[in-house]
Structure formats: C-alpha cells, structure tokens
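What follows is a protein structure lacking sequence information:
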C-alpha cells in the first residue's frame, strides 16, 4: 500500500469496483478499500438484473449467471396469479459473489489496487487532499488521496463524515430479509412477486430462481411499517406458508434505500456513488444497474479531474450533471410511482389482479399492469408509459 | 441504552442509515453503538430487519457503568 493515491474508493460493491476500473484505465493511481474479507460477500441482494443493461458495462459470462429470466408472475393477496412472458425484456439472476469478483478483476487489470479486510474509519480534509484512516488486517494505516469516492452502500458514512446529509427517512428505506431456499417447486425462468400487506407491507416478496429448484426468496417492508414485526419474521411466515419443506441455504438481512438520489453527489475532493448516493430504483429496489452507471461516470470524471489537476466540487460536478441528465427524470418518475404503489391496499391489489385476469395472458405487459395500478391517479400514467415503454 | 444481540445481528448496516446522530459503527465483525452520543430515539431498533437491537432500561445502564 502506498502513502498517496490520486483516487481512493471506499467500498468494493459493483459501484466501487466499476469506478476503480474506469478511473484506473485512464492512467491515474487508484486504490479501493473493502471492509469485508472478500469482495462480493455476503450477498445482500435479490440478484436480478436486466441483461442488456449489464452488457453495457461487462462482457456477459455464463459463469456468473444463475438463471435466465423470460417471464414474470404477480400474485394478489388472495392468490390470483398474473403471469406473462416478457416479449423484449431479458433478465437474469446473478451469482453476485462471482459477478462482483469479475468486476474486481477488471478493476485490477486496469491497474487499481484492491484491499479487502480494510475498514476505513475516518476521513478528514487536509488542504486539497483527504486523509483516510483505516484498519487493514489488524494494522492501523493512513493514506492520502486527491479524490475520495464513497461507495460504501446503505450506511453512507463516508459522505456523512464529509458533512453531506445522507440519513434516510423511514418511508425512504426498506428493511429486507432474504433466504436462499433449495428443494422447492418454482418456475425456473420466471421472477415472481407477491403483493400483500400481510406478507410485506409497503414492499413485496420476491422469488428469483437460481437454478431449477433453488431461489432467492426475500422481501422488503417499508420503513414506516417496521417495528412491531421484523422483516425476518414476515419472511419466516411467508416461507412457512409457501415453501414449508424448503431447505434454507442462507438467511441474510439488508437495507435498501428507496429514496430520491442525494441532492449533493460531489464536494471538494469527494464523489458519492451507488447505494451510498441513493442511486437505487425506488420502485423495484434494484441497484445494480445504477451502481454500474454511476461507477463508470464517476470513475471517468475523477480521472479527468486528476489529469487537469483540479479536484474541486466545481470540476467534479460534471459527474452529477451527467447523472441528472441520464437518470434524473427517470428516477423521479420511479419515485412518484413508488409513493403511489406503497399506498395501495390489499383490496386495490385484488381489483388490479381481477381486472388483469380477464385479459389474455399473451397481451399482458408491465405497462398494462402499472396502468391498472395507477388508474385512480391518472397523472401517473405518463410516468408508467415512460418508464415501462418497451418492457 | 441500545443492546445488540450478536447472535441475531447480520451486520447489514440498515440501522446506520437511519441513525440521526450517527453513533453506530459497523466493521466486518462488529456493530458498535456509542452510548455517549446515542439519543435513545430507537430508530435503529424499529428499522432492524432482524430485530437484533433492543433498548435496556436505565437500571441496566447504571449496572453497566459500575462494571
């Protein structure tokens, strides 16, 4: 480990490793610190992602694809099932551990240094540079960097240490629990969603296949419903009723930000990306594609800033501008839809399912489902058409 | 004071995202709550996906102090 790097990245998820790759590829010195012992572990993720989005950032490798997805199933509280093949959208369920390794390998080959078991505990400004204090395999270390990229996930403590407001309101966070279940009957090419206040108030249950008889089964509840019963207890009840004979291979907790993107994504010598920047689709809770996009943008902007010898917020703000231009409007649309969907009752879900059940399955699309969901709030129809067009 | 059940805590960091005074620190193996800065708002207890956090009464806190 050197004493100084142009760019120091905190967090080794997809956002961090992607930023590391695109920055290092431009010939600046890059270091990445991951607090856990291994990149990609533990997996706190349902692992579903659209394949065409992935392909923009990494060559698809069947080794880290667990399942290919061609269909979706939605389940109403009383058990009405609306299932349909997706005409255009191709999804997959990843092996995140292997996928994250692949991203880290690309970063390493581009020239980035990566340290695991490296916990960054302090950050202070030191003139134009930042000083990071960390514990690396039991030893205290200190390094300096011209630019720090905070990719430290839901906690978002690095940005907080820099004085940026990152704390989430309860309605903007979903505590989640997930089990990987084996020996269960599933549709191996279908992602299923269960909507009900009973199973997951203010959120949903997902069943994402990871093979013929294995799946990630998990749920998120909205923060405003959290407290009396934990996400884990909700999941235990769901699994008991739907998969009573399953073998539980993993049990994991996670928090997903379902917020608007942070208002401030940069400061002098600092950039924030991924979950830490609340760059998550607030309707679905999906964060992989946004993490890759933000990582690439931030990595490139950071490297160019180093070359121009200017790490000021004014310079780094071109990352924020690019993010806003590319995803700002879309993510606000998703946020409005999330706000609406979160307020739907079990009766609303039944009515939506009953209306869709009358349609021939081959004519059902995500646009149709969400148009039905927002029928009492026509102002959201444009948002539905814009975000689900072509899906 | 807030107690962490280490058998339940999955070290996911969700509590940190809602802590208004940022008094929680998460390392690879440990979730630490600074009782000096904690304002006992119980946000972390409510949000925890695994219900791993509980609030202990003041008597216990006094006991802890004497330990």
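Structure received. The structure presented is a predicted model; accordingly, all values stated were derived computationally and were not measured.

Contact residues of the stretch 151-300 of chain A facing chain B?
The stretch 151-300 of chain A comes close to chain B at residues A:153-157, A:160, A:166-168, A:170, A:173, A:175-177, A:223, A:226-227, A:230-233, A:251-255, A:257, as judged by CB under 8 Å from any CB of the partner chain. No exception for glycine: its C-beta is placed from N, CA and C like everyone else's.

and those residues, which of them are in strands?
A:173, A:175-177, A:251-255, A:257 (DSSP state E).

Looking at those, which two lie furthest apart in space?
Farthest apart among those by CB to CB are A:251 and A:257. That separation is 21.8 Å.

Give me the neighbour count for the residue of chain B found nearest chain A.
Closest to chain A within chain B is residue B:14: 2.9 Å, counting by CB to the nearest CB. By the criterion of other CB atoms under 10 Å in any protein chain shown, residue B:14 has 30 neighbours.

cool, and the one 10 residues further on?
By the other CB under 10 Å criterion, the neighbourhood of residue B:24 contains 23 residues.

Surely residue A:313 touches residue A:265?
No: here residue A:313 lies out of contact with residue A:265, judged by CB atoms under 8 Å, at a distance of 9.8 Å.

More neighbours: these two, which one.
residue A:265 (28 against 15).

list the contacts for residue 19?
Defaulting to chain A. Going by CB atoms under 8 Å, 6 or more residues apart in numbering or on different chains, residue A:19 touches A:9, A:149, A:151, A:273, A:294-296, A:298-299, A:302.

meant chain B actually
For residue B:19, counting by CB under 8 Å, 6+ apart, the contacting residues are A:167, B:43-44.

hmm, 7 Å instead?
Going by CB atoms under 7 Å, 6 or more residues apart in numbering or on different chains, residue B:19 touches B:43-44.

Got phi/psi on it?
The phi/psi pair for residue B:19 (degrees, to the nearest 10) reads phi -70, psi 110.

which non-adjacent residue is nearest residue A:268?
residue A:313 (4.9 Å; CB to CB, 6 or more residues apart in numbering or on different chains).

So which residue is dead centre in chain A?
Closest to where the C-alpha atoms of chain A average out (CA atoms, centre = their mean) is residue A:287, at 1.8 Å.

so what's the spatially closest residue to that residue that is not a sequence neighbour up against?
Spatial nearest neighbour of residue A:287, chain neighbours left out: residue A:280 (4.1 Å); criterion: CB to CB, 6+ apart. Applying CB under 7 Å, 6+ apart to residue A:280 gives the contacts A:256-258, A:286-287, A:290.

sec struct for residue A:280, please.
Following DSSP: H, G, I helix; E, B strand; the rest coil, the label given to residue A:280 is coil.

now it: how far from chain B?
12 Å (CB to the nearest CB, to the nearest Å).

Compare the contacts of residue A:19 and tell me which has the most neighbours.
Counting neighbours by other CB under 10 Å, residue A:9 comes out on top of the contacts of residue A:19 with 37 neighbours.

What count of nearby residues applies to residue A:122?
For residue A:122, using other CB under 10 Å, the count is 11.

Report the beta-bridge partners for it.
For residue A:122, the beta-bridge partners under DSSP bridges are residue A:133.

how far away is it from residue A:142?
9 Å (CB to CB, to the nearest Å).

shared neighbours of those two, anything?
residue A:133.

ok but residue A:211 is inside a helix, no?
No: looking at residue A:211 with three-state DSSP, it is coil, so not inside a helix.

Now for it: which residues touch it?
Contacts of residue A:211 (CB under 7 Å, 6+ apart): A:66-67.

do residue B:51 as well
Residue B:51 sits in contact with A:230, A:232, B:8, where contact means CB under 7 Å, 6+ apart.

and these as JSON lines, adding pLDDT, distance to residue A:40 and neighbour count?
Below are those laid out as JSON lines (pLDDT from 0 to 100; distance: CB to CB, whole Å; neighbours: other CB atoms under 10 Å in any protein chain shown):
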{"residue": "A:230", "pLDDT": "98", "distance to residue A:40": "26", "neighbour count": "22"}
{"residue": "A:232", "pLDDT": "98", "distance to residue A:40": "23", "neighbour count": "24"}
{"residue": "B:8", "pLDDT": "97", "distance to residue A:40": "24", "neighbour count": "16"}
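
Please produce TSV containing those residues, extended by distance to residue B:56.
Formatted as TSV, those follow (distance: CB to CB, whole Å):
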residue	distance to residue B:56
A:230	18
A:232	21
B:8	15
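
Going by distance to residue A:106, which of the residues you listed wins?
When these are compared for distance to residue A:106 (CB to CB), residue A:232 comes out closest, at 34.8 Å.

what about the helices in the chain?
Went with chain A since none was named. Taking DSSP state H to define them, one finds helices in chain A at A:14-24, A:51-55, A:96-110, A:157-161, A:231-242, A:288-307, A:313-323, A:329-342, A:346-357, A:366-373, A:381-388.

I was thinking of chain B, sorry if that wasn't clear
With helices called from DSSP H, chain B shows them at B:14-18, B:43-47, B:58-66.

Residue A:251 and residue A:257: which has the busier surroundings?
Using other CB under 10 Å as the criterion, residue A:251 and residue A:257 rank with residue A:257 on top: 27 against 15.

shouldn't that one be in contact with residue A:174?
No: contact criterion CB atoms under 7 Å: residue A:257 and residue A:174 do not qualify, at 8.1 Å.

got any ranges where chain A has weak pLDDT?
Where chain A drops to pLDDT under 70, the residues are A:89, A:390-391.
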